[in-house]
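> sequence first, predicted model second:
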Amino acid sequence: MLTWHQTRNGLAVTGLGDQALWELPMTAFFASRQCPGTAIRAAMDWALQQARARAVVVSGFHSPLKQSVLKVLIEARSPVVTVLARPVDGARLSPEWAEPVAQGRMVVSTAVATARLTNAIAAERNDHVAQLASSIVVAHISPGGSLSAQCERWRQAGRPVNVLSN
């Protein structure tokens with residue numbers, strides 16, 4: 001599959017999949033790496049709601065909870081955009097992504113040019129995801145964690161952040 005290049009909200013992006021998903025409003029989904037059971041239940045309920053609504057969800061889908069949300073969305077045939085923290089070109093993608101990408105239900109994209117994942121690159125990817133989205137949802141924010149600091153910056157920039165469980 002050929003990669004494409006595009007700019008959205010001032011962000012240069014490379015991707016695979018149906019570019020038409022980029023024209024739809026997206027909801028960014030985040031979660032701290034470790035979440036209590038209440039946050040996990042809230043996130044899974046939220047994922048089912050998004051799937052029923054066929055809302056486009058954008059995330060890095062890197063942590064276990066975010067991967068579970070992605071699985072729910074893919075199985076429900078709901079549109080998703082995943083933002084990698086590494087280049088799309090030459091990336092080894094999950095075999096479960098082939099069908100949704102081919103059917104236009106999934107975009108795999110990146111806005112970073114490094115192949116090495118660091119905390120700084122992950123934070124940069126989260127900022128890109130938030131910039132792409134029209135709304136931000138967070139399953140859980142661990143106090144004092146890096147996601148906590150990012151959410152505070154997004155709020156200070158006037159972006160509402162909806163937290164499912166804290």
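Good, I have the coordinates.
> the helix or strand hosting Ser109: what's the following helix or strand?
Here Ser109 sits within strand 106-110, counting by DSSP states H and E. Next in sequence after strand 106-110, counting helices and strands by DSSP H and E, comes helix 119-132.
> can you name the element that comes right after that following helix?
strand 135-138.
> which of the residues in stretch 134-141 are buried?
Buried residues in stretch 134-141, counted by 16 or more other Cβ atoms under 10 Å: Ile136, Val137, Val138, Ala139, His140, Ile141. Bear in mind the C-beta positions are built from the backbone N, C-alpha and C, glycine included.
> ok, now stretch 99-114?
Buried, per 16+ other Cβ under 10 Å, within stretch 99-114: Pro100, Val101, Arg105, Met106, Val107, Val108, Ser109, Thr110, Ala111, Val112.
> out of the residues you listed, which comes closest to Ser32?
Proximity of the buried residues of stretch 99-114 to Ser32 (Cβ to Cβ) peaks at Val112, which lies at 21.1 Å.
> can you pull out the helices in this protein?
Secondary structure of the chain (DSSP state H): helices at 37-53, 64-75, 98-102, 119-132, 146-156.
> quick check: Gln67 touching Gly60?
No. Using Cβ atoms under 8 Å, Gln67 is not in contact with Gly60; the gap is 10.0 Å.
> when these two are compared, which one has more neighbours?
With neighbours defined as other Cβ atoms under 10 Å, Gln67 and Gly60 compare such that Gly60 has more, 22 against 13.
> run a quick neighbour tally on Trp4.
Trp4: 16 neighbours (other Cβ under 10 Å).
> what do you get for Asp18?
Residues within reach of Asp18, counting by other Cβ under 10 Å, total 18.
> show me what contacts the one residue sitting closest to the centre of the chain?
Among the residues of the chain, the one closest to the centroid is Ser59, at 0.4 Å (Cα atoms, centre = their mean). Ser59 sits next to Ala28, Phe29, Phe30, Lys66, Val69, Leu70, Val80, Val81, Thr82, Val83, Val129 when contact means Cβ atoms under 8 Å, 6 or more residues apart in numbering.
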